[in-house]
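[1] what follows is a predicted structure for the sequence shown.
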Amino acid sequence: QVELVESGGGSVQDGGSLRLSCDASTFAYCIAWFRQAPGKEREGVARINSVRAVYYAESVKGRFTISRDSAKNTVYLQMDLLKPEDTAMYYCAAAKIWANLAIGRPDYWGQGTQVTVSS
């Protein structure tokens, strides 16, 4: 069983920044951030594996940065140049297999943290 606890969400203005944290109970998993806005499908935002290979959705490339602190079992999502369309509930997710994150089928989910960007 892997426990994931997100933090760092909040409300910011257009162009602002936030850093989300995902505290994981283990390091030996690939970790991803997903988001879901009301009335929209869930979207994979970024993911990182244990050797720090990363992937970003086109919609966040150049604005978001995913990283992990192995000593703390924590994955971060630094979000800069935020836009109103980034408003969503953000979820941390973990999977043993990278491809399972790519198809939106992680093994574990966190509870989510809300990000709201106002114009």
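    Now that the structure is in, tell me what you want to look at.

[2] residues contacting Phe27?
    By C-beta atoms under 8 Å, 6 or more residues apart in numbering, the residues touching Phe27 are 50, 68, 70, 73. Bear in mind the C-beta positions are built from the backbone N, C-alpha and C, glycine included.

[3] kindly report the same for Arg35.
    Counting by C-beta under 8 Å, 6+ apart, Arg35 makes contact with 42-43, 45, 86, 88-91, 115.

[4] all the strands of this protein, in order from the start?
    4-7, 10-13, 18-24, 30-36, 43-48, 54-56, 64-69, 74-79, 88-95, 108-109, 113-118 (DSSP state E).

[5] would you turn those strands into JSON lines with mean pLDDT and distance to Ala102?
    As requested, the strands of the chain are exported to JSON lines (pLDDT from 0 to 100; distance: least, C-beta to C-beta, whole Å):
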{"stretch": "strand 4-7", "mean pLDDT": "96", "distance to Ala102": "18"}
{"stretch": "strand 10-13", "mean pLDDT": "98", "distance to Ala102": "28"}
{"stretch": "strand 18-24", "mean pLDDT": "97", "distance to Ala102": "18"}
{"stretch": "strand 30-36", "mean pLDDT": "97", "distance to Ala102": "9"}
{"stretch": "strand 43-48", "mean pLDDT": "97", "distance to Ala102": "7"}
{"stretch": "strand 54-56", "mean pLDDT": "97", "distance to Ala102": "7"}
{"stretch": "strand 64-69", "mean pLDDT": "96", "distance to Ala102": "14"}
{"stretch": "strand 74-79", "mean pLDDT": "97", "distance to Ala102": "16"}
{"stretch": "strand 88-95", "mean pLDDT": "97", "distance to Ala102": "9"}
{"stretch": "strand 108-109", "mean pLDDT": "96", "distance to Ala102": "16"}
{"stretch": "strand 113-118", "mean pLDDT": "98", "distance to Ala102": "22"}
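
[6] list just the nearest of the contacts of Phe27 to Trp98.
    Of all the contacts of Phe27, Ser50 has the smallest distance to Trp98: 9.8 Å, by C-beta to C-beta.
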